[in-house]
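> Structural data only, the sequence is not supplied:
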């Protein structure tokens, strides 16, 4: 009981600090009246007006939210989905074979260090402007952390466990699903978390460069017309989305890796 | 270790040689395949030039004074940005990690700030601090500080409490305890954080150049932006290639520095690697 109370107190304290920070900003902005730092109340009101004052039938989303926020999220989801669908199986295959990883190591190192940001125009030429290009761009940029981490995880599966599985005559398929995939999961999730935050960056870059909708497109418009409150609305929206997506991923990870924490606790 | 040291090192050398050969075979095969696909017309030439053209262009860039100037400017932005990041991030991490309460209190603020993509802040920062190197550095530090900050905090979690207590018992103050025990113990974590921050710093500085062009100063990003405007895909790919090489080189440089500064840590790591 005591521990729960302490936890709740810490949680409350954390949000109180955030609230106090926002309040201080509000006071400061009211006093300074800086054009660059509008008060949080104005940003919140603008966000509500722009995106969340729609009809109840659309979950209060306005047409701007449906036409810009949802496409952005869909691009991130599909792009990341492709990166996982390619990176995770390829990573396990490469990580489990010393020969294959030997052949591919330098290429992978180089591919990972290639800045995806520099290649946005190449993707525009290859895929033309539009959803396809943005999804391909996000997938290309986010596949590397997933791939490299999965390779690392698959490579470092405990050899003793692999031998044990062989001794017990588990088939190759069983070894894969019962030992190698679960043992790779912690590293895979570490890579996926990097890729998730990367996907938001790539989404914004793709939408700033060539798009007719999306959060990045809205922010571009806002900054071109010096609408600082709207720029801030976009920044806050991205912060909240990033926080929510990360929290959702942590939730999934917590669920999937429950066994892992259990095993760690046993050895500690 | 069951193996004698001599046998171990000769085996390591053989494995190292094999890795080299395999890596080379992989790279050559990839280049040949890319070239064949392009020449055979599977990949449209107008969209993606053959890899030989890109490599040729990359070599030509080394004689291009504009590109070399841009390369130097990118390295400068990287170095200054990373230096500020470390100078701010490590002390901040030490405070957040060692003063109880501060860390959990600031967590919500940090968790909201961290996911904001640095490129989304370009319009704001450009208006507030003005375009140029100052904006570049502001965004680099904002983007790169998180891994340094978090790794410093995680590193402090790993400090042996007995060592801290011992020093305290001998009458050392909190500053001395931090300097003599906490900082050395957290150093390997901090070093890893700095390497992650280094690649972020490089990518952010290039991204700003690409998105805003030469108004924010010279750099590989500005070079790519110029080539984009001119509609030349070849220099874009060649410059991206060099950016990749630069990333690898800077990472290798930091790893080398890490080995010099933290030899004890690497001796331990190598032993763990050999035992595996």
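Perfect, I can see it now. As the structure is a prediction and not an experimental result, all values here were calculated from the model.

> Mind telling me which residue of chain A is nearest chain B?
residue A:242 (2.2 Å; C-beta to the nearest C-beta). Any C-beta I mention is one placed from the backbone N, CA and C, and that applies to glycine too.

> That residue reaches residue B:116, doesn't it?
Yes: counting by C-beta atoms under 8 Å, residue A:242 touches residue B:116, with 6.5 Å between them.

> Enumerate every residue touching whichever residue of chain B sits closest to chain A.
Chain B approaches chain A most closely through residue B:115 (2.2 Å), counting by C-beta to the nearest C-beta. Residues counted as contacts of residue B:115 (C-beta atoms under 8 Å, 6 or more residues apart in numbering or on different chains) are A:197, A:200, A:238-239, A:241-243, A:245-246.

> Relative to residue A:109, which of these is nearest.
The nearest member of the contacts of residue B:115 to residue A:109, counting by C-beta to C-beta, is residue A:197 at 21.4 Å.

> ok, that closest one - contacts?
Per C-beta under 8 Å, 6+ apart, neighbours of residue A:197: A:242, A:246, B:114-115, B:117.

> quick check: longest helix of chain A.
helix A:2-32 (DSSP state H).

> any idea which residue sits dead centre in chain A?
The residue lying closest to the centre of chain A (C-alpha atoms, centre = their mean) is residue A:196, at 1.6 Å.

> Extract the residue ranges of the chain that are flagged as low pLDDT.
If you meant another chain, say so; for now it's chain A. A:1-2, A:57-58, A:60, A:261-268 (pLDDT under 70).

> could you do chain B instead?
B:1-16, B:42-47, B:265-276.

> In it, which residue is most central in space?
Short answer for chain B (C-alpha atoms, centre = their mean): residue B:199, at 2.2 Å.

> since we're on the closest residue to that residue other than its chain neighbours, how many residues are nearby?
Nearest residue to residue B:199, sequence neighbours excluded (C-beta to C-beta, 6 or more residues apart in numbering or on different chains): residue B:247, at 5.9 Å. By the other C-beta atoms under 10 Å in any protein chain shown criterion, the neighbourhood of residue B:247 contains 22 residues.

> my guess is residue B:247 meets residue B:200, correct?
No: using C-beta under 8 Å, residue B:247 is not in contact with residue B:200, being 10.6 Å away.

> For residue A:83, list the residues it contacts.
With C-beta under 8 Å, 6+ apart, residue A:83 has these contacts: A:138-139, A:142-143, A:146, A:195.

> Not counting its neighbours along the chain, what's nearest residue B:143?
Nearest non-adjacent residue to residue B:143 (C-beta to C-beta, 6+ apart): residue B:118, at 3.8 Å.

> burial of the one you found, as a residue count?
21.

> Can you give me the separation between it and residue A:126?
According to C-beta to C-beta, to the nearest Å, residue B:118 stands 26 Å off from residue A:126.

> Those residues of the stretch 51-200 of chain A touching chain B, which are they?
A:99, A:102-107, A:109-110, A:113-115, A:117-122, A:125-126, A:197, A:200 (C-beta under 8 Å from any C-beta of the partner chain).

> If we use 6 Å, what do you get?
Residues of the stretch 51-200 of chain A lying close to chain B (C-beta under 6 Å from any C-beta of the partner chain) are A:102-107, A:110, A:113-115, A:117-119, A:121, A:125-126, A:197, A:200.

> on contacts alone, who are the packing partners of whichever strand or helix holds residue A:153?
Counting by DSSP states H and E, the element that carries residue A:153 is helix A:131-155. Counting contacts by 3 or more C-beta pairs under 6 Å, 6 or more residues apart in numbering or on different chains; DSSP states H and E, helix A:131-155 packs against helix A:70-96, helix A:120-127, helix A:181-209.
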